[in-house]
Each structure stands twice: as C-alpha cells, then as structure tokens.
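Chemist: my questions are about this predicted structure, shown below with the sequence.
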Amino acid sequence: MNIYALVKRTFDTEEKISISNGAISEDGAEFIINPYDEYAVEEAIQLRDEHGGEVTVISIGEEDAEKQLRTALAMGADKAVLINVEDDIDEVDEFTSAKIIADYLKDKDADIILAGNVAIDGGSGQVGPRVAELLGINYVTTITELTVDGTNVTVVRDVEGDSETIETSLPLLVTAQQGLNEPRYPSLPGIMKAKKKPLEELEFDDLDLEEDDVEAKTETKDVFLPPEKAAGRILEGEPADQAAELVKLLHSEAKVI
C-alpha cells in the first residue's frame with residue numbers, strides 16, 4: 001500500500017501561551033507533533049505492517065518541522081517530506097495548506113492518506129477534507145476504527161453521542177479521532193534508525209503552483225488570550241440558605257436570572 005500521513009508542528013499541549021506584538025510568542029516554546037496527527041501516523045504504520053507497502057509523512061512549514069518529522073520516522077514511518085514555504089508564503093491558512101499538499105500528492109497514486117481530525121492550534125478540521133476534495137477521492141472524518149480488505153474499507157466514525165459505520169473504497173482520506181489507536185513512543189533503536197531514513201526537503205518552487213494559487217483566504221485580525229476568570233465562591237450554611245443565596249447571586253451579580 002502507498003500510505004501517506006499528514007503531520008503538523010504544534011505547540012506542546014503543556015505550554016503556557018503568551019502574546020507578543022499581536023502574535024503568539026514562540027520564544028522558548030516546545031513543539032510537538034499535533035496529537036491527533038500521532039493517531040494518523042500510528043494507524044499508517046499499522047496498515048503498512050498488516051498490508052505491506054510504505055509510509056510517507058508530510059509536513060508544511062519551516063526547517064524547524066524536521067524535528068517532528070524525525071519523530072514520526074522514529075515511530076516507524078519509512079520516509080518524510082518537508083515542504084518548506086518559509087521564504088515564499090507569508091500567510092498559510094487551511095486553503096493554502098490543502099492546495100500545497102494536494103499538489104504534491106496529485107501524481108503519487110496514494111492508496112490512503114491519514115490526517116489528524118483537528119490541529120490543536122487552530123481546531124478547524126478543514127485541511128484533510130480539502131485535500132481529498134482537491135484530489136477527487138473519498139474521505140471520512142473523525143474515525144475511530146479502520147479495516148481495509150483489498151480496495152474495500154470499513155470505517156467507524158465518531159458522531160455526536162454515538163458512532164456511525166461507513167463502507168467505502170480506496171483511494172481514501174481519513175482523519176483520525178482519539179480512540180483510533182494508542183500511538184507508540186519512539187524507541188531508542190527507532191530514534192537511531194530515523195537519523196538514516198530519507199527526509200526530502202522541497203521548496204515552494206518545486207511545486208506546480210504559483211503564489212497567487214495559494215493565497216490565504218482568511219486574515220487574522222487580532223490574537224488575544226481569554227479574560228481571566230474570577231475565583232469561584234463556596235456557599236456555606238444549610239442547603240435552603242445556600243439555595244436562597246445562590247439565587248440572589250445569580251440575579252444580582254451574574255445577572256443571568
């Protein structure tokens with residue numbers, strides 16, 4: 001199988017976000033593979049181990065994303081591709097990312113493409129479906145189970161409060177939801193092997209695109225942290241007294257009743 005996994009470099013989920021000059025400050029920040037993308041990489045590796053083939057991980061960004069690609073290689077992916085757009089594109093949104101990835105994949109004859117359900121920094125969940133639309137292939141989002149039998153595929157996807165089973169066929173793009181698998185930690189031998197695995201770095205000029213083709217469709221007007229929440233208040237006394245006090249506070253302070 002010809003398998004691809006999309007990987008994004010995101011802030012570590014333990015990082016405390018700070019704003020500087022109207023943008024999120026990266027000074028001293030730690031970065032990781034977007035956690036949902038880890039499920040995609042793990043599932044890609046399991047598919048390869050079961051059906052044979054090769055796993056290629058792809059990322060868009062700057063040279064710093066090489067670290068996250070090496071992590072994916074250490075997990076067990078076979079090779080990696082970094083599309084470096086740092087010197088060519090000022091703003092990258094979901095439209096831009098999808099156009100670039102789809103252009104790279106258009107002649108790769110991918111059997112299955114896996115992506116994270118959402119990126120924790122943006123949370124739009126748009127890139128995967130947009131790539132599938134541009135490539136003209138089937139796609140299913142938020143999957144928690146995946147079974148491939150020849151060119152036939154059965155997936156279970158997460159829906160509000162329930163699950164849905166869908167039968168489809170290859171080629172296919174899916175986006176991974178939590179629960180699909182348990183991503184492995186890179187082992188020491190895996191880390192050593194990853195250093196020798198191929199990591200191809202492409203520039204925007206290597207693609208069959210012009211800058212106007214990928215111009216961002218959205219513009220960030222402002223970046224700000226949510227307001228700090230006031231400390232909670234503990235009511236004391238008999239239950240009836242607490243209830244009366246709660247109603248009073250909801251009316252006079254919270255002004256919700």
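Modeler: Alright, I've got the coordinates. Numbering: from 1, shown residues only.

Chemist: just the helices from the stretch 51-200 of the chain, written as ranges.
Modeler: Here the stretch 51-200 of the chain has its helices, by DSSP state H, counting those that start in this stretch, at 66-75, 94-105, 127-135, 188-194.

Chemist: closest one to Gly237 among the ones you listed?
Modeler: The closest of those to Gly237 is helix 94-105. By Cβ to Cβ, the value is 52.4 Å. No exception for glycine: its C-beta is placed from N, CA and C like everyone else's.

Chemist: okay if I get the helices of the stretch 51-200 of the chain as a markdown table plus mean neighbour count?
Modeler: Formatted as a markdown table, the helices of the stretch 51-200 of the chain follow (neighbours: other Cβ atoms under 10 Å):
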| stretch | mean neighbour count |
| --- | --- |
| helix 66-75 | 22 |
| helix 94-105 | 21 |
| helix 127-135 | 21 |
| helix 188-194 | 13 |
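
Chemist: with distance to Asn84 as added columns, please give the ones you listed in a markdown table.
Modeler: Below are the helices of the stretch 51-200 of the chain laid out as a markdown table (distance: least, Cβ to Cβ, whole Å):
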| stretch | distance to Asn84 |
| --- | --- |
| helix 66-75 | 9 |
| helix 94-105 | 11 |
| helix 127-135 | 18 |
| helix 188-194 | 19 |
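
Chemist: who wins for proximity to Ile166 among those?
Modeler: Nearest of the helices of the stretch 51-200 of the chain (Cβ to Cβ): helix 127-135, 14.0 Å.

Chemist: what's in contact with the closest one?
Modeler: Applying Cβ atoms under 8 Å, 6 or more residues apart in numbering, the external contacts of helix 127-135 come out as 6, 94-95, 97-99, 101-102, 105-106, 110, 113, 115-117, 119, 138-139, 141, 171, 173-175.
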